[in-house]
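Asker: predicted model and sequence follow; I will ask about them next.
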Amino acid sequence: MLRLEGLNTHYGASHILQGVDLVVPQGRICAVLGRNGVGKTTTVRSIMGLVPPSSGRVLLNGQDIAGLQPHLVARAGVSYVPEGRLIFPDLSVIENIRVAERKPAKSWPIERLLELFPSLRERAGNRGSQLSGGEQQMLAIARALVSDPKVVLLDEPSQGLAPLVVRELAAVIRRLCQEGVTILLIEQNMKLAEAVAHELYIMVKGRIVYAATPEVFRKEEAEIRTRYLAV
């Protein structure tokens, strides 16, 4: 479904992504872990066209979308839930969702989204600024789904959330996968990534240095934490 091949991205003279290779099969969840500043967010921003890659390919169902403008990437079937959520504070819940609705959704119409996120139904008329952090995160995911994407990019969705809300988030991510949504998850919360992902990648200094299933990762976790993830 989504494949990165030799992806390089620069910010000016800084070489951030250095030949990233990554595969997210259809209907699966892949997570990228790593310390702050290693290039995780740049990866999804490069996919989305917010930061044009310097070289390499971003293949969506075999079509190279690398370097396309963000609105064209979105039309191709990629949705992005950014770090920090970036919902509109003065718009209502329903208005926040409708902002991303280019045409009436078939797979994820608003009524179905409100069934998936009951708390949003209860607060449908509230402004974005009146929602809790967890509700804002669910709203950001709902906004991404209303365009009926093939792939959803989730950037640090657990950031700033209480453990109970993170567990609710994990349940939502698993449910989306069961419904056929393909997900690339960027996370620092290792427990969340292990709980939902089919494949775990670790990024260090703009390169993917490790890939394994959660089962294999758990057997090697102590060594991998020390080698790649310890601060």
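Answerer: On my side now, so go ahead. Residues are numbered from 1 along each chain as shown.

Asker: show me what contacts G19?
Answerer: When contacts are counted by C-beta atoms under 8 Å, 6 or more residues apart in numbering, G19 touches 6-8, 56, 207. (Each C-beta comes from the backbone N, C-alpha and C, glycine too.)

Asker: from the residues you listed, list the buried ones, please.
Answerer: Among these, those buried by neighbour count (16 or more other C-beta atoms under 10 Å) are 7-8, 56.

Asker: just checking, what packs against the lengthiest helix in the chain?
Answerer: Counting by DSSP state H, the longest helix found in the chain is helix 163-178. In terms of contacts (3 or more C-beta pairs under 8 Å, 6 or more residues apart in numbering; DSSP states H and E), helix 163-178 is packed against helix 133-145, strand 182-186, helix 190-196.

Asker: is it possible to get CSV of those that adds distance to S92, mean pLDDT and mean neighbour count?
Answerer: Below are the helices and strands packed on helix 163-178 laid out as CSV (distance: least, C-beta to C-beta, whole Å; pLDDT from 0 to 100; neighbours: other C-beta atoms under 10 Å):
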stretch, distance to S92, mean pLDDT, mean neighbour count
helix 133-145, 10, 96, 23
strand 182-186, 27, 98, 25
helix 190-196, 29, 94, 19
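
Asker: can I get those in a markdown table with distance to E168?
Answerer: Shown next, in a markdown table, are those (distance: least, C-beta to C-beta, whole Å):
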| stretch | distance to E168 |
| --- | --- |
| helix 133-145 | 7 |
| strand 182-186 | 15 |
| helix 190-196 | 11 |
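
Asker: quick one: closest of these to T41.
Answerer: Of all the helices and strands packed on helix 163-178, strand 182-186 sits nearest to T41, with 6.4 Å by C-beta to C-beta.

Asker: strand partners (parallel or antiparallel) of that closest one?
Answerer: Using DSSP bridges, strand 182-186 pairs in its sheet with strand 29-33 (parallel), strand 151-155 (parallel).

Asker: which of the buried ones among the contacts of G19 lies closest to Q178?
Answerer: L7 (29.0 Å).

Asker: not counting sequence-adjacent ones, nearest residue to the closest one?
Answerer: Counting by C-beta to C-beta, 6 or more residues apart in numbering, G56 is the residue found nearest to L7 once chain neighbours are left out, at 3.7 Å.

Asker: and L22, by the same measure?
Answerer: Nearest one to L22, counting by C-beta to C-beta, 6+ apart, is L4 at 4.3 Å.

Asker: that neighbour against L60, yeah?
Answerer: No: if you go by C-beta atoms under 8 Å, L4 and L60 don't touch, sitting 10.5 Å apart.

Asker: surely D21 and V209 touch.
Answerer: No: using C-beta under 8 Å, D21 makes no contact with V209, being 11.2 Å away.

Asker: the nearest residue to Q63 once chain neighbours are set aside: what's it in contact with?
Answerer: Of all residues not flanking Q63 in the chain, A76 sits nearest, at 6.9 Å (C-beta to C-beta, 6+ apart). Applying C-beta under 8 Å, 6+ apart to A76 gives the contacts 60, 63, 65, 68, 150.

Asker: type out the ChimeraX command that picks the buried ones from the residues you listed.
Answerer: Selection of buried members from the contacts of A76 for ChimeraX, criterion 16+ other C-beta under 10 Å:
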select :60,65,68,150
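
Asker: let's have the contacts of A76 in JSON lines, adding secondary structure.
Answerer: Compiled in JSON lines, those are given as follows (DSSP: H, G, I helix; E, B strand; the rest coil):
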{"residue": "L60", "secondary structure": "strand"}
{"residue": "Q63", "secondary structure": "strand"}
{"residue": "I65", "secondary structure": "coil"}
{"residue": "L68", "secondary structure": "coil"}
{"residue": "K150", "secondary structure": "coil"}
